[in-house]
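*Asks:* Any chance you could fold what I've pasted below:
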Amino acid sequence: MKYLVMLGDGMADYPCPGLGDKTPLEAAYKPCMDYLAKNGFCASVMTVPEGMVPESDTANLAVLGYDPKIYSKGRSPLEATSMGLEMRPGDTAFRTNIVTLSDLGEPYGDKIIIDHSSGEISTEEARELIAAVDAALGDSRRRFFTGISYRHCMLWENAPGSGISEKIYDFSRPHDILGRRIGPYLPAGEIGEVYRELMEKSFDILSKHPVNLKRVAEGKRPANSIWFWSPGVKPKLENFKERFGVKATVICAVDLIKGIGLCAGMDAPKVEGATGGAVTDFAAKGRAAIDAFRNGSDFVYIHVEAPDECGHQGDAPLKVSAIEHIDSEILTPVKEYLDGTGEPYRILLMPDHPTPVSLRTHTRESVPFVIYDNSHIREGVSCYCEKSCAGLGFYPDGTSVIKLLFGMETA
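*Replies:* Residues are numbered from 1 along each chain as shown. Purely as a prediction, here's the structure:
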């Protein structure tokens, strides 16, 4: 038996006026997804436990069968693992976005956060900016490392607030406060002021950097400040193969998901052309998944960030397009490959959480899922979407879906 998980990050949504009051999933032309829904088991699941923040680390851990209440230690250590960083004893990892703030001469606290991704800045440009930040603000205990696009990492040995409690500081997530004055969301208090000072200093460094001066001249958004969030210590995940008895591969472009895979003992090949943004090489992920099956993997987990980025941008048509690309360039060719092998297989199709374009951030609500078994055709629904799956069953525990996929629980 082969197993495929097709996860569209943030794919679930609310009805959009610009789409005729349909959600992006309802509006998209996605014949393969709809085929799975028509012939598979459909329901809804809550991937984020009550009281936890609806983040991709929490939700994807649950989908992979790891209880977030036990295993979630912040997304940053997972990203650091993916980046190949060695966390020293006492190190805390911090997600370090480079964001776009308004630059009208106002005090730092009065600036408006315009873009959490700095226009999906290229990794090549970001590398120069993070190097400048590290040169100015790094030291023997505190180091800055380049990730992908706007997503980067700071490692800090014995960071302020560490050792007091597992939660160092409750940093605001930048994609939650787009369009707002940052003052109320900046770190505060004796511990927080240390982090705020670094963020404010970074603005002075980055706003004058040649990379950003060039971006502004070209009409692009400058990456003019760092923004810390989701700190954590190195996690320990049980080996996925030992838990479920399958050789597993994760296909992704973002360090967070790759880090989860590596910590769980999965293969995580680099996919050329996959950016972790709204503009990416979808077909490359399909080819990588097929290669993983050909190379002996029994379980392939494909994660696509594009719908989530479209949600953060508030762009409903672009989100529809991303879903259609997933359907035609990833899901369809991988399913055709699996059909051609003649082997039994199962496909799990789902988002990790909603990212409504009207809110431009994640929400903690149930998401629709489909489990399709090519040897056990069912009578499902005509459209894979939030509304169709909502009345067909509800699972309050996000770890249920992997058990359903592997037949450990009965659908």
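
*Asks:* show me where the stretch 301-411 of the chain has strands.
*Replies:* 345-350, 367-373, 394-395 (DSSP state E, counting those that start in this stretch).

*Asks:* Just name the most buried of those.
*Replies:* Scoring the strands of the stretch 301-411 of the chain by mean neighbour count under mean count of other C-beta atoms under 10 Å gives strand 367-373 as the most buried, with a mean of 25. From N, CA and C alone the C-beta is placed, and that goes for glycine too.

*Asks:* how much distance is there from that strand to the middle of the chain?
*Replies:* Shown here is strand 367-373, whose average C-alpha point lies 20 Å from the average C-alpha point of the whole chain (C-alpha atoms, centre = their mean, to the nearest Å).

*Asks:* strands paired with it, and their directions?
*Replies:* Looking at strand 367-373 with DSSP bridges, its paired strands and their directions are strand 41-45 (antiparallel), strand 345-350 (antiparallel).

*Asks:* Redo these as CSV? Include distance to Phe406.
*Replies:* Formatted as CSV, these follow (distance: least, C-beta to C-beta, whole Å):
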stretch, distance to Phe406
strand 41-45, 13
strand 345-350, 8
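
*Asks:* so Thr249 sits right up against Ala264, yeah?
*Replies:* No: if you go by C-beta atoms under 8 Å, Thr249 and Ala264 don't touch, sitting 11.1 Å apart.

*Asks:* what about Gly261, how many neighbours?
*Replies:* Each residue near Gly261 was counted by other C-beta atoms under 10 Å, and the total is 26.

*Asks:* go on, Ala126?
*Replies:* The local packing count at Ala126 equals 21, with neighbours defined by other C-beta under 10 Å.

*Asks:* Likewise for His376?
*Replies:* In terms of burial, His376 registers 13 neighbours under the definition other C-beta under 10 Å.

*Asks:* Next, give phi and psi for it.
*Replies:* Comment: the main-chain dihedrals of His376 come out as phi -150, psi 80, following degrees, to the nearest 10.

*Asks:* what's the distance between it and Leu25?
*Replies:* Distance of His376 to Leu25, computed by C-beta to C-beta, to the nearest Å: 24 Å.

*Asks:* Determine how far the helix or strand containing Glu242 lies from the middle of the whole chain.
*Replies:* Counting by DSSP states H and E, the secondary-structure element that holds Glu242 is helix 240-244. Helix 240-244 has its average C-alpha position 23 Å from the chain's average C-alpha position, going by C-alpha atoms, centre = their mean.

*Asks:* what domains does the record give for the chain?
*Replies:* Following the assignment in automatic domain parsing, the chain carries domains at 2-68+236-405, 82-232.

*Asks:* In this structure, where is pLDDT below threshold?
*Replies:* When the per-residue scores of the chain are filtered using pLDDT under 70, the ranges that remain are 163-167.

*Asks:* what about the strands in it?
*Replies:* Using DSSP state E, the strands of the chain run over 2-8, 41-45, 91-101, 113-115, 142-148, 151-157, 225-232, 248-251, 299-304, 345-350, 367-373, 394-395.

*Asks:* and of those strands, who's closest to Val334?
*Replies:* Distances from Val334 to each of those were compared by C-beta to C-beta, and the smallest falls on strand 2-8, at 6.2 Å.

*Asks:* May I see the buried residues of the closest one?
*Replies:* Taking 16 or more other C-beta atoms under 10 Å as the neighbour-count basis, strand 2-8 is seen to contain the buried residues 2-8.
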